[in-house]
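Asker: predicted coordinates and the sequence they were generated for:
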Amino acid sequence: MYNEIILAGFGGQGVLLIGKLLTYAGMKAGLEVTWMPAYGPEMRGGTCNCTVVMSSREVGSPITSHPHAAIVLNLQSIDKFESMVRPGGIMVMNTSLINRPAVRTDITVVPVPCNQIAVEAGAAKAANMVGLGAYIGASGVVDLSLVKQVLVETFAGRPKLVGINQICLDKGFEIGQASAAVAVR
Amino acid sequence: MKGCEAIGEAAIHAGCRLFFGYPITPQNEIPEYMSGRLPQVGGVFLQAESEVAASNMLYGAAGAGCRCFTSSSSPGISLMMEGMSYMAGAELPVVIVNIMRGGPGLGGILPSQSDYFQATKGGGHGDYRVLVLAPSTVQEAADLMIEAFDLADKYRNPVMMLGDGLIGQMMEPVEFRKNIDPSDLPAKPWATTGCGGRQRNIINSLYLKPEELEDHNWHLAAKYREMAKEVRHATYKADGDMDVLVVAYGTVARIARTAIDSLEEKGIKVGLFRPVTLFPYPTDALLQTAARARRVLVTELSTGQMVEDVRAAIAGRRPVEFYGRVGGMVMTAEELAGQIEKLAQAAVV
C-alpha cells in the first residue's frame, strides 16, 4: 500500500490536526508514515494544507502532485487540489463551504456538509473531524477505532472534547462508507 | 515528531545541556523545543541577541568543555561564519544545525539546498573544514545528531548538520536509540575548567608567529585528512548496471527514490547514490557506483553546487548532467522522473 493524501482548508479549520490524527493512526497500524505541512503566516484564514503519506514500505517523497485522495474543506482548496487527484482516487468535499459541484467524473466524490453536521452535533469547530471520518469511511485506509484511540491521546489535556469529536468522526464515517458503497456499484 | 523537534531531542540524548540560538524560519521549532526541554533536564537555553552572539557563546561553552549546539537557517548561519572559523581555529567541538532556506540574502522561507558550498568548503575565512552530515529522514536526523556530538568531540572540530525546510517541518516516526548522561562523558583535558592543580589551558586561535601558525594550519589539514575515515553514503537500486545514476542528498534523495520506483515499472534502470557525509565526500564510492551507469544526473535544490564535487569525483569518465529547482520550489517525483527518463533515452556520445 502506498497512499498519498492531501488535506486542505483555511487556517484555523484544524486541517493540520486531522492530518496528524490520520498519520498517528497509520503509525499505530504499523505503516510507514510522513506528515508535511504547508501554510502561510496567518493564524486564521489564508491557506493551509498538509500531505500525509501512508505506506507499507519506506516513504519516498513527503510531497506529491498526484495524491490518491484529497480532503478539501473550503472553496479555495477544491479549486487548487481537485485536478491533482489521481484517476480512481477519492475526494471528500465540505459542501457547507463549497458552493459548486465537483468537476471530476473519474474519482469518487464524497460530498459532506461538514460544518452543518458539526453544528448540529453541538461543536462547530469539529467540522474537520466530520471530513476526516468521511475519508476513513470511504477509503478504509485505517481502522476508525485507531483514529479514535489517537484522538483520546491527542486530547489528553482536554478530555471533555473527546466525546463530541468522536461523534463527528462517526457521522462523517457513515457518509463516507455509504459513498464508497455507491462507487463500488 | 517534526524533524526540528527530533534534532532537539536527539541533542538531549547525546548529553547536550546547552543551546544558544536565535529564531529564524524554518527552524524555530528547534529553539522552541529546547526552551521547554532543557530546563526539564537541568540544562540552559539562551536566546542570544543575534546569531553572531550565539556563535561566540558556543565558542565559550565548548572551550569550557561542555557539549553545546545551535541551529539556524541560511542567513543566520552566514552570521555565524566568523564564529565557526574561530571555533575551527581553536579546535572546539560544536554542533551547528543549518535548516536551509531559499537565498541569497533574506531569500525565502521555503526549502533549499543552496548552502552546500558554504557548508563544505569552509564558509568562513581561513583554511578550515567542518564535518558535514546530511540526513534524509527524521530518524536519520536523530541518529546523526547524536553521532555529531561524538564526532565533534573526537576531532575537536565543529560538525554541521545540513537539513532543509522539508526535513525540519516534516513529521515522521522516530526512535531515540542512545541516551548519554553528561556525567558519563569523558573529561576534556584541554578545556578551561578551572586550573587548580594543573597547568592552565588556553583556548585560542591567534598565532602571531607565522611559523607557529603554519604548523597549526598543517596540523588542522592533517586532522581533516583523518576525518576522511568518517565518510558515509547510501545507495538505492544501484547494485547492477544502470541507464542513469541519480546523485542527491537530504530530502531530495527521497523524492528521487519515488521517481526511481515509478521508472522501474517502465523498465528504465535507475539507481540512486546518496552521500550522507558531504565533507568528507564519498568520492571513491561514487566513482565505483557511477562506473556501472551510462550517465549521471545530479539533482539539488540549488543552481548547482554538489554537482561540482560530483564532476570532480567522476573526472570525465561519465557524462554528468544537472537538474535543479531553486527559490523554495521543490521538484516533484513526477518532474524528476521525466528528467531521468529523457536522459535515459538520450544517446551517449
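Answerer: Thanks, I have it. Residues are numbered from 1 along each chain as shown, chains lettered A, B, ... in the order given.
Asker: ok but residue B:46 is inside a strand, no?
Answerer: Yes - assessed with DSSP: H, G, I helix; E, B strand; the rest coil, residue B:46 lies in a strand.
Asker: you'd agree it is up against residue B:31?
Answerer: No - taking contacts as C-beta atoms under 8 Å, residue B:46 lies outside contact range of residue B:31: 9.6 Å. For glycine as for every other residue, the C-beta is placed from the backbone atoms N, C-alpha and C.
Asker: residues near the nearest residue to residue A:29 once chain neighbours are set aside, how many?
Answerer: Leaving out its chain neighbours, the residue that sits closest to residue A:29 by C-beta to C-beta, 6 or more residues apart in numbering or on different chains is residue A:142, at 5.1 Å. Other residues within reach of residue A:142, judged by other C-beta atoms under 10 Å in any protein chain shown, total 22.
Asker: likewise residue A:5?
Answerer: 26.
Asker: the strand or helix carrying it close to chain B?
Answerer: For residue A:5, the element it lies in under DSSP states H and E is strand A:2-11. No - for strand A:2-11, no contact with chain B is found by C-beta under 8 Å from any C-beta of the partner chain; the gap never falls below 8.7 Å.
Asker: residue of chain A closest to chain B, please.
Answerer: Nearest residue of chain A to chain B (C-beta to the nearest C-beta) works out as residue A:60 at 3.2 Å.
Asker: do I have it right that that residue meets residue B:253?
Answerer: No - the criterion here is C-beta under 8 Å, and residue A:60 misses it with residue B:253 at 9.0 Å.
Asker: wait, what's in contact with the residue nearest to residue A:29?
Answerer: A:22, A:25-26, A:28-29, A:31, A:54, A:136 (C-beta atoms under 8 Å, 6 or more residues apart in numbering or on different chains).
Asker: please check those residues and keep the buried ones.
Answerer: For the contacts of residue A:142, a burial check counting by 16 or more other C-beta atoms under 10 Å in any protein chain shown picks out A:22, A:25-26, A:28, A:31, A:54, A:136.
Asker: so which of the residues you listed are in strands?
Answerer: residue A:54 (DSSP state E).
Asker: show me what from the stretch 101-250 of chain B comes close to chain A.
Answerer: Close to chain A, as judged by C-beta under 8 Å from any C-beta, the stretch 101-250 of chain B has residues B:166, B:169-173.
Asker: quick check, the residue in chain B closest to chain A?
Answerer: Closest residue of chain B to chain A, C-beta to the nearest C-beta: residue B:258 (3.2 Å).
Asker: residues contacting the residue positioned nearest the centre of chain A?
Answerer: Taking C-alpha atoms, centre = their mean, the centroid of chain A lies closest to residue A:132, which sits 3.7 Å from it. If a contact means C-beta under 8 Å, 6+ apart, then residue A:132 has A:7, A:18, A:21-22, A:71, A:147, A:169, A:172 as its contacts.
Asker: and residue B:302, by the same measure?
Answerer: Residue B:302 neighbours (C-beta under 8 Å, 6+ apart): B:112-114, B:116, B:324, B:326.
Asker: on the pLDDT front, check it for me.
Answerer: Residue B:302 carries a pLDDT score of 97 in this model.
Asker: now do residue A:39
Answerer: Residue A:39 is given a pLDDT of 72.
Asker: over to residue A:12?
Answerer: Residue-level pLDDT assigned to residue A:12 equals 89.
Asker: so residue B:36 sits in a helix?
Answerer: Yes - using three-state DSSP, the assignment for residue B:36 is a helix.
Asker: and for stretch B:24-37, what's in contact with it?
Answerer: Under the contact criterion C-beta under 8 Å, 6+ apart, stretch B:24-37 has outside partners B:2, B:4-5, B:7-9, B:11-12, B:19, B:21-23, B:43, B:45, B:47, B:51, B:71-73, B:75-76, B:97, B:99, B:101, B:109-111, B:165, B:168-169.
Asker: now, those that are in strands?
Answerer: Short answer: those in strands (DSSP E) are B:19, B:21, B:45, B:47, B:71-72, B:97, B:99.
Asker: tell me which residues of stretch B:124-142 come out buried.
Answerer: Here stretch B:124-142 shows B:124, B:128-142 as buried, counting by 16+ other C-beta under 10 Å.
Asker: show me the residues you listed that map onto helices.
Answerer: Among the buried residues of stretch B:124-142, the members falling in helices (DSSP state H) are B:138-142.
Asker: tell me which of those is nearest to residue B:280?
Answerer: Ranked by distance to residue B:280 (C-beta to C-beta), these are led by residue B:140 at 17.7 Å.
Asker: for that closest one, what are its contacts?
Answerer: residue B:276.
Asker: do the one 10 residues further on as well
Answerer: By C-beta under 8 Å, 6+ apart, residue B:150 lies in contact with residue B:14.
Asker: now do 6 Å
Answerer: If you count contacts by C-beta atoms under 6 Å, 6 or more residues apart in numbering or on different chains, residue B:150 has none.
Asker: helix or strand for it, which one?
Answerer: helix B:138-155.
Asker: same question, residue B:327
Answerer: Going by DSSP H and E, residue B:327 is not in any helix or strand.
Asker: now it: how far from residue A:63?
Answerer: Separation of residue B:327 from residue A:63 (C-beta to C-beta, to the nearest Å): 16 Å.
Asker: just the buried residues of the contacts of stretch B:24-37.
Answerer: Judged by 16+ other C-beta under 10 Å, buried ones among the contacts of stretch B:24-37: B:2, B:4-5, B:7-9, B:11-12, B:19, B:21-22, B:43, B:45, B:51, B:71-73, B:75-76, B:97, B:99, B:101, B:110-111, B:165, B:168-169.
Asker: helices of the chain, start to end?
Answerer: Went with chain A since none was named. A:15-28, A:75-81, A:114-121, A:127-139, A:144-154, A:162-184.
Asker: right idea, wrong chain: chain B
Answerer: B:3-13, B:29-40, B:51-63, B:74-79, B:81-89, B:116-120, B:138-155, B:165-169, B:210-226, B:251-264, B:283-290, B:306-314, B:333-345.
Asker: without its sequence neighbours, what residue ends up closest to residue A:111?
Answerer: residue A:95 (4.7 Å).
Asker: no wait, residue A:86
Answerer: residue A:66 (5.0 Å).
Asker: let me know the pLDDT of the closest residue to residue B:106 other than its chain neighbours.
Answerer: Among residues not flanking residue B:106 along the chain, residue B:75 sits closest, at 6.2 Å (C-beta to C-beta, 6+ apart). Model confidence at residue B:75, given as pLDDT, is 96.
Asker: fine, thanks again, bye for now.
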